[in-house]
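A.B. asks: sequence plus predicted model, see below.
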Amino acid sequence: MADPIPPFEPRSGPGFRAGESLRIRRARQFAQLPVRTIIPNALTVLALCAGLTAIRFAIEGRFEIAVAAIIVASVFDALDGRVARLLQGSTRFGAELDSLTDFVNFGVAPVVVLYLWSLVEIGGIGWIAVLGFAVCCALRLARFNVALEDPDKPAWTGNYFVGVPAPAAAGLVMLPLYLTFIGVDWLKEVPILIAMHALAVAFLMVSRIPTFSGKRMGLRIRRDMVLPILLLIGFGAAVILSYPWWTFTTLAAVYLLSIPLAVMRYRHHKARTAELDPDAVEADDLKLD
């Protein structure tokens, strides 16, 4: 009778150190992680819960609460990245989780709410608008994830996105809901117009139109600006709580008006860079993002 084959215990390969046993490697894999890596991911999970709950409220016909839940999800989304950088808790797992959460919260939830609110009245055409927006959001996030940082790229390009980012697109696509909440009731009765609006915002996501980015806003402020900023935050919170839908309608309109300004500023910077280094501008034109 042949001897039984002994259990295979690899001693080399990716992730193994010389002479390291399988038991030691497993212990190292399950070592404790610092709390600073958990907090940003917890905010991302809270954002995902808010986005999914928005769909539930829409199914129940509670559309104002559904829109509010998506706005709460966008707040958590804005916080998780900054908290991760502040705590130095950024991880590859967190980045992947954040991307998947963004697709659900900003690519699926807003248009599902729109569909249940009005687009369902035009059947297949409404669903085409939903699918078009969701697919464009997925393409937008995929393009962003694979974009490589170019060390030779001019510093000013960091002030711009290529296309409208997913959170901003979610806020824009819900503009018909804001308008209805402030009294523009006839808009709900024109679902074809809402479908066209959703597809237009979807196009802005995957376009190469430059838009302003707030990523380079510093985390430090001057001492003399602390009180004015706190007063502005308090005033903004009071306005949002008192007139939420007027506020978000205004913010959406301001963002739309900022796009032509961003295009002009981008072209201005690009022209100045072309005067100094034409090859850099030509190479930039060939980049996807």
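C.D. replies: Sure thing, it's come through. Numbers count the residues shown, from 1 in each chain.

A.B. asks: could you list the low-pLDDT ranges of the stretch 1-150 of the chain?
C.D. replies: Low-confidence segments of the stretch 1-150 of the chain (pLDDT under 70): 1-35, 89, 148-150.

A.B. asks: same thing but 50
C.D. replies: Residue ranges of the stretch 1-150 of the chain with pLDDT under 50: 1-2, 5, 8-12, 14-16, 18-19.

A.B. asks: please apply the same query to the stretch 151-289 of the chain.
C.D. replies: Looking at the stretch 151-289 of the chain by pLDDT under 50, you get 281, 286-289.

A.B. asks: helices of that one, residue ranges please.
C.D. replies: Along the stretch 151-289 of the chain, counting by DSSP state H, counting those that start in this stretch, helices occupy 166-173, 175-181, 191-206, 226-242, 244-276, 278-286.

A.B. asks: turn those helices into JSON lines, columns for mean neighbour count and distance to residue 114.
C.D. replies: To be clear about C-beta, it is placed using only N, CA and C from the backbone, and glycine gets the same treatment. Below are the helices of the stretch 151-289 of the chain laid out as JSON lines (neighbours: other CB atoms under 10 Å; distance: least, CB to CB, whole Å):
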{"stretch": "helix 166-173", "mean neighbour count": "24", "distance to residue 114": "7"}
{"stretch": "helix 175-181", "mean neighbour count": "21", "distance to residue 114": "7"}
{"stretch": "helix 191-206", "mean neighbour count": "20", "distance to residue 114": "6"}
{"stretch": "helix 226-242", "mean neighbour count": "10", "distance to residue 114": "22"}
{"stretch": "helix 244-276", "mean neighbour count": "14", "distance to residue 114": "14"}
{"stretch": "helix 278-286", "mean neighbour count": "12", "distance to residue 114": "35"}
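
A.B. asks: to residue 119, which of those helices lies closest?
C.D. replies: Nearest to residue 119 among these is helix 191-206 (5.3 Å), distances taken as CB to CB.

A.B. asks: gap between the helix or strand containing residue 49 and the chain center?
C.D. replies: Following DSSP states H and E, one finds residue 49 within helix 38-59. Its chain's average C-alpha position is 13 Å from that of helix 38-59, according to CA atoms, centre = their mean, to the nearest Å.
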